[in-house]
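Engineer: the following comprises the amino acid sequence and a computationally predicted model.
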Amino acid sequence: MTGTKVIAVVGATGSQGGGLVRAIQSDPDGGFRARALTRDVDSDKAKALAALGAEVVAADVDDAESLKRAFDGAYGAYCVTFYWEHFSPEKEKHQIRAMAEAAKAAGLQHVVWSTLEDTRDWMALEDDRMPTLMEKYKVPHFDAKGESNAVFAELGVPTTYLHTSFYWDNLIFFGMGPQRGEDGKLAFNIPMGDRRLPGIAAEDIGRCAYGIFKAGGDLIGKSIGIVGEHLSGAEMATALSSALGEEVVYNAVPFDIYRGLGFPGADDLGNMFQFKHDFQEDYVGRRDLGLSRGLNPDLQTFATWVAANKDRIPSGG
Ligand SMILES: NC(=O)c1ccc[n+]([C@@H]2O[C@H](COP(=O)([O-])OP(=O)(O)OC[C@H]3O[C@@H](n4cnc5c(N)ncnc54)[C@H](OP(=O)(O)O)[C@@H]3O)[C@@H](O)[C@H]2O)c1
């Protein structure tokens, strides 16, 4: 269509990118069209995006030339990385630079970069409140993203720095749903003490990103944070109790216990929760509910999200 702006979407078959492709394609008069990047154009997820009218193209963030081809001729791009596929901040930084360089080469007019805080700006490596991981990080999957914000700025790419929040979908896909304890009760186990955990439905991240592209130049060069609701663990447990029809108690797991749980990335996540806990005011303050609703008027609350997903949330057997 003449005049439509193409948004190249990295991670289009995943949570963040998928939400953005669906948001763009469900608004045919919005002036945008999605170009979905995937390593496998024949996958069921890729075909589902094509069925929505998205252009589906092959690209791999580890292949710089494929990224440049996929960004070529686009107006903008949504850039996201996949830390939990490789657990390597060095690899993540390399992939971010490749995306920024491809955006520069294609002369993109607006990039939305899905980033997170560099926690070392709040806590020096020698600070022993939490362990240093991989020799130079506190929260590796945050720090690598935050450190790389500078790459977009250094290359002069017109970028909005989008700080996302904890996906409530982690309760379904990341093993963070309520678990049945030895006492037979369901417990929601997260290390947040009595502090609030900014959270969001993963699908709403892409919808907010669409709002950012629609706002155009207004948000270029800005850092913004999005959230669906700022709730404490106890408040989340209450919402879970009413949706699941069974009492769910909140269990504030100590940070050290969480770090030692032994699953891959437990230490990284334990530090992440402690960062959100210890620097609550800054972390919550940077994620603006009013702004998020302005970008995405359909923003879900936790109660809405739980009600829609209660059959998918594991509840401890
Ligand atoms: N979970 C949370 O609470 C949370 C909160 C904030 C931020 N994050 C961040 O979100 C990021 C992950 O985003 P997501 O949840 O949207 O991912 P996701 O749902 O896991 O999707 C990953 C998608 O990325 C694509 N992909 C993987 N490796 C690729 C590569 N080398 N080249 C091109 N595409 C590749 C895959 O598509 P194909 O197989 O089709 O290529 C896959 O569908 C992580 O970096 C994480 O730190 C997570």
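Structural biologist: Yep, that arrived.

Engineer: CA atoms for contacts and neighbours, from now on please.
Structural biologist: OK.

Engineer: who's in contact with Asn251?
Structural biologist: Counting by Cα atoms under 8 Å, 6 or more residues apart in numbering, Asn251 touches Ala187, Phe188, Asn189, Ile190, Pro191, Gly233.

Engineer: and the helix or strand where it lies, which strands flank it?
Structural biologist: Using DSSP states H and E, Asn251 maps to strand 248-252. Partners of strand 248-252 in the sheet, by DSSP bridges, are strand 186-190 (parallel).

Engineer: so how far is the partner strand off the chain centroid?
Structural biologist: Remark: strand 186-190 is offset 22 Å from the chain centroid, using Cα atoms, centre = their mean, to the nearest Å.

Engineer: buried ones in it, by neighbour count?
Structural biologist: Leu186, Ala187, Phe188, Asn189, Ile190 (16 or more other Cα atoms under 10 Å).

Engineer: immediately after the strand holding Asn251, which helix or strand?
Structural biologist: helix 255-259.

Engineer: export that following helix to CSV, keeping only CA atoms.
Structural biologist: Taking C-alpha atoms only, helix 255-259 is exported to CSV below (Å, rounded to 0.1, in the frame of the first residue of the first chain):
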residue,chain,number,x,y,z
PHE,A,255,17.3,-13.7,47.8
ASP,A,256,20.1,-16.2,48.6
ILE,A,257,17.7,-19.1,48.6
TYR,A,258,16.4,-18.1,45.2
ARG,A,259,19.9,-17.6,43.8
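
Engineer: tell me what the helix or strand that comes right after that helix is packed against?
Structural biologist: Note on helix 255-259: by DSSP H and E, the next helix or strand toward the C-terminus is helix 266-278. Applying 3 or more Cα pairs under 8 Å, 6 or more residues apart in numbering; DSSP states H and E, one finds that helix 266-278 contacts helix 140-154, helix 255-259.

Engineer: can you check which of those gets nearest to Val9?
Structural biologist: helix 140-154 (16.7 Å; Cα to Cα).

Engineer: got the angle between that closest one and helix 266-278?
Structural biologist: Interaxial angle of helix 140-154 relative to helix 266-278 (axes from the mean of the first three to the mean of the last three Cα atoms, to 10 degrees): 70 degrees.

Engineer: now the strand holding Asn251, how far from the centre of its chain.
Structural biologist: 24 Å.

Engineer: again with stretch 256-276
Structural biologist: 18 Å.

Engineer: i'd like the first residue to be 48 from this point on
Structural biologist: Taking 48 as the first residue, the last one we looked at is stretch 303-323.

Engineer: which two in the contacts of Asn298 are spaced the farthest apart?
Structural biologist: Greatest spacing in the contacts of Asn298, by Cα to Cα: Ala234 and Pro238 (12.4 Å).

Engineer: count of neighbours near the closest residue to Ala249 other than its chain neighbours?
Structural biologist: Distances taken as Cα to Cα, 6 or more residues apart in numbering place Tyr214 nearest to Ala249, at 5.3 Å, with adjacent residues excluded. Tyr214: 22 surrounding residues under other Cα atoms under 10 Å.

Engineer: measure Tyr214 to Asp175 for me?
Structural biologist: Here the criterion is Cα to Cα, to the nearest Å. By it, Tyr214 lies 28 Å from Asp175.

Engineer: now do Lys140
Structural biologist: From Lys140 to Asp175 the distance is 25 Å (Cα to Cα).

Engineer: the strands in this protein, which residues?
Structural biologist: 52-56, 79-85, 102-105, 123-126, 157-162, 206-210, 213-214, 226-227, 233-237, 243-247, 270-272, 276-279, 295-299 (DSSP state E).

Engineer: neighbouring contacts of the third one?
Structural biologist: So that's strand 102-105. 81-88, 93, 96-97, 113, 117.

Engineer: need these in CSV with neighbour count, can you?
Structural biologist: Converted to CSV, the contacts of strand 102-105 look like this (neighbours: other Cα atoms under 10 Å):
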residue, neighbour count
Ala81, 28
Arg82, 26
Ala83, 28
Leu84, 26
Thr85, 23
Arg86, 15
Asp87, 16
Val88, 18
Ala93, 24
Leu96, 22
Ala97, 17
Ser113, 18
Ala117, 26
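
Engineer: export the strand holding Asn298 as CSV, just CAs?
Structural biologist: Coordinates of each C-alpha in strand 295-299 appear next as CSV, following Å, rounded to 0.1, in the frame of the first residue of the first chain:
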residue,chain,number,x,y,z
VAL,A,295,-2.8,-18.9,47.1
VAL,A,296,-0.4,-17.6,49.8
TYR,A,297,2.5,-15.4,49.0
ASN,A,298,5.9,-16.7,50.0
ALA,A,299,8.7,-14.0,50.0
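
Engineer: residues of the chain that sit close to the ligand?
Structural biologist: 58, 60-64, 85-87, 106-109, 128-130, 188, 211-214, 217 (Cα under 6 Å from any ligand atom).
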